[in-house]
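> Predicted structure and sequence below. I'll ask about it afterward.
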Amino acid sequence: MHNPYKPPGQALPSSGQPMSAPLPPDQRAALLQASDKPMYFAPSTFKLAAMSLVTFGLYTMYWFWRNWQAIQRETGESLWPWARALFCPLWCFSCFAQLADLVRGRRRELAFPVALLGIVFLVLTLAGRLDNAASLLAFLSFLPLLPVNALLRQYHRDERIDSTRLDRLTIWHVLILLAGGGLLLMLLLVIILGEVTINLPEGTLS
């Protein structure tokens, strides 16, 4: 039906909804290019540290597993991500180096040498085999992951890759934090109190 009030040269959309203007060619190209860029597993520092602590290192292995999957996806190598995550103390050097190489560009460089991060991770992991209070150092095995994780997060920001979902704490994360945090606190108390000897005067308990 002809609309006598329609301005000349303006078409009315058939759906009754205003037609959105098409994106400029440069923005369309940027969106298409961003969708092809690799995404790595790089949660927030708080999430990585907290989940690694309350899961007694299991989340650290999960971090390795997810990023070995990303390495396999980008390089096409024939590898077993779960096996390399399970034996992460042996494969951490290779993982750190390959992640640093994959995101190297735009002058993104790892803050610490790969060899140093690998040695620190290996030492902290082996500290868990000690039979004294020094075994608590194993809980800090996530620390060498932080510089690599920060590099991956910087890569996501520079490439405008939306990775905000990696930072979210779901109900399962909260439950794990509460349950694992309670167990961790109890374990620390047992270890600390076990190192303390209380000398009572003779005849106190007689």
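Yes, it's here. Numbers count the residues shown, from 1 in each chain.
> got the contact list for the nearest residue to S135 once chain neighbours are set aside?
Closest residue to S135 apart from its sequence neighbours, by CB to CB, 6 or more residues apart in numbering: G128 at 5.4 Å. Heads up, the C-betas are built off the backbone N, CA and C, glycines and all. Neighbouring residues of G128 by CB atoms under 8 Å, 6 or more residues apart in numbering: G57, S135, L137, A138, S141.
> what about G128, distance to A70?
Applying CB to CB, to the nearest Å, one obtains 27 Å for the distance of G128 from A70.
> likewise G180?
Taken as CB to CB, the spacing of G180 relative to A70 amounts to 26 Å.
> circling back to that earlier point, of the contacts of G128 - the most surrounded one?
With neighbours taken as other CB atoms under 10 Å, the top of the contacts of G128 is S141, carrying 24 neighbours.
> list the contacts for that residue?
S52, G57, T60, F121, L124, T125, G128.
> was I right about the fourth one contacting P144?
Yes. Counting by CB atoms under 8 Å, P144 is a contact partner of F121 at 4.1 Å.
> what touches both of these two?
By CB under 8 Å, 6+ apart, the residues touching both F121 and P144 are C92.
> Now do the SS call for K37.
At K37 the chain is in coil, as set by DSSP: H, G, I helix; E, B strand; the rest coil.
> if I look at the residue nearest to S135, how far off is L53?
From G128 to L53 the distance is 13 Å (CB to CB).
> and if you look at L122?
Following CB to CB, the distance that separates L122 from L53 is 19 Å.
> try K37
Taking CB to CB, one finds K37 at 31 Å from L53.
> Between those two, tell me which one has more neighbours.
Legend: neighbour count by other CB under 10 Å for K37 and L53, higher for L53 (19 against 12).
> give the contact list for the more buried one.
L53 neighbours (CB under 8 Å, 6+ apart): F139, F142, G180, G181, L184.
> Narrow those residues to those in strands?
Among those, no member falls in strands (DSSP state E).
> Just among those residues, which is most surrounded?
Most surrounded of these: other CB under 10 Å gives F142, at 21 neighbours.
> and the helix ranked longest in the chain, what other elements does it pack with?
Scanning the chain for the helix with the most residues, using DSSP state H, yields helix 171-194. Using 3 or more CB pairs under 8 Å, 6 or more residues apart in numbering; DSSP states H and E as the contact test, the elements touching helix 171-194 are helix 45-54.
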